[in-house]
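Q: Structure for the following, please:
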Amino acid sequence: MTLEEVVGTNSTEKKMETVSQALEELLVAAQRQDCLTVGVYESAKLMNVDPDSVVLCLLATDEEDEDDIALQIHFTLLQAFCCDNDINILRVSGMRRLSQLLGEDTEDKNGNEPRDLHCILVTNPPVQPLQCQALQDVSSFCEESRCRNQWVPCLELQDG
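A: Residues are numbered from 1 along each chain as shown. Below you'll find the model as predicted:
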C-alpha cells in the first residue's frame, strides 16, 4: 500500500465520520422542528403530494433486511423517484442507532408496534426553513457522491 492510499483511506473514513455526525445532528434538529416523515408508506404519500418540500430521503437497513424483497422493491421505486425529482438520497445502516436518535422504543408503552424507520424524509417547509450546517454538510456529501457517479451513497451509523 502506498502512502497516498493510506492517507486517502484515512481521510475518506474521517469524512464519512463527519457526515455521519452531521446526519445525526440533522435528524435530531428536523425531528425537533417536526420536519421528519417516518415510514415507507408515509414517505411515498408525502413525495406524491409535495416532492418539492423533501430535501433528503434516508433509506435505512441492517443486514437482516437485505433479504426483504418487498422492502428492496420499495427502495428501488423511492430511489428512482428521488433521482427524477432531484432529492438527495442516503442509504444508512445502523437501525439501532437511528432508533436511539429518534427516541424510538422497540415497543411503546401501549404495546404498539414501533414506527417503520426504513424510510425517513427530511422536509424543508418554505414558511420556516431548516437553517442548519448539518443539512448543508449532508447535501454537499450527496452532491459530491453524485459527481463521482455514486448516486446512492451509503453511511454507517455507529451505536452511541
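Q: Can you name the helix or strand that the residue sitting nearest the centre point of the chain falls in?
A: Taking CA atoms, centre = their mean as the criterion, Leu58 is the residue nearest the geometric centre of the chain, at 2.5 Å. Per DSSP states H and E, Leu58 falls inside strand 54-61.
Q: Relative to the whole chain's centre, how far out is the very next helix or strand once past that strand?
A: Towards the C-terminus, the helix or strand next in line after strand 54-61, according to DSSP H and E, is helix 69-84. Its chain's average C-alpha position is 14 Å from that of helix 69-84, according to CA atoms, centre = their mean, to the nearest Å.
Q: Same check on stretch 44-61?
A: Between the mean C-alpha position of stretch 44-61 and that of its chain there is a distance of 10 Å (CA atoms, centre = their mean).
Q: What is the end-to-end distance of it?
A: When the termini of stretch 44-61 are compared using CA to CA, to the nearest Å, they are 17 Å apart.
Q: Same question for stretch 73-92.
A: Across its full length, stretch 73-92 reaches 17 Å end to end, with CA to CA as the criterion.
Q: show me where the chain has strands.
A: Taking DSSP state E, the strands of the chain run over residues 36-38, 54-61, 88-93, 119-123, 154-156.
Q: Of the ones you listed, which stretch is the most buried?
A: By mean neighbour count, with neighbours taken as mean count of other CB atoms under 10 Å, strand 119-123 ranks first of the strands of the chain at a mean of 24. The way it works is simple: take the backbone N, C-alpha and C, and place the C-beta from them, glycine included.
Q: quick one on the thing from earlier: now the strand holding Leu58 against strand 88-93, angle please.
A: Strand 54-61 and strand 88-93 meet at an angle of 20 degrees, taking axes from the mean of the first three to the mean of the last three CA atoms, to 10 degrees as the criterion.
Q: partners of strand 54-61 in the sheet?
A: Applying DSSP bridges, strand 54-61 is found paired with strand 88-93 (parallel), strand 119-123 (antiparallel).
Q: per-residue confidence averaged over it?
A: Per-residue pLDDT values across strand 54-61 average out to 94.
Q: hmm, who's touching it?
A: Contacting residues not belonging to strand 54-61 are listed as 23, 26-27, 43, 46-47, 71, 75, 78-79, 82, 85, 87-95, 98, 117-124, 130, 135, 138-139, 142, 152 [CB atoms under 8 Å, 6 or more residues apart in numbering].
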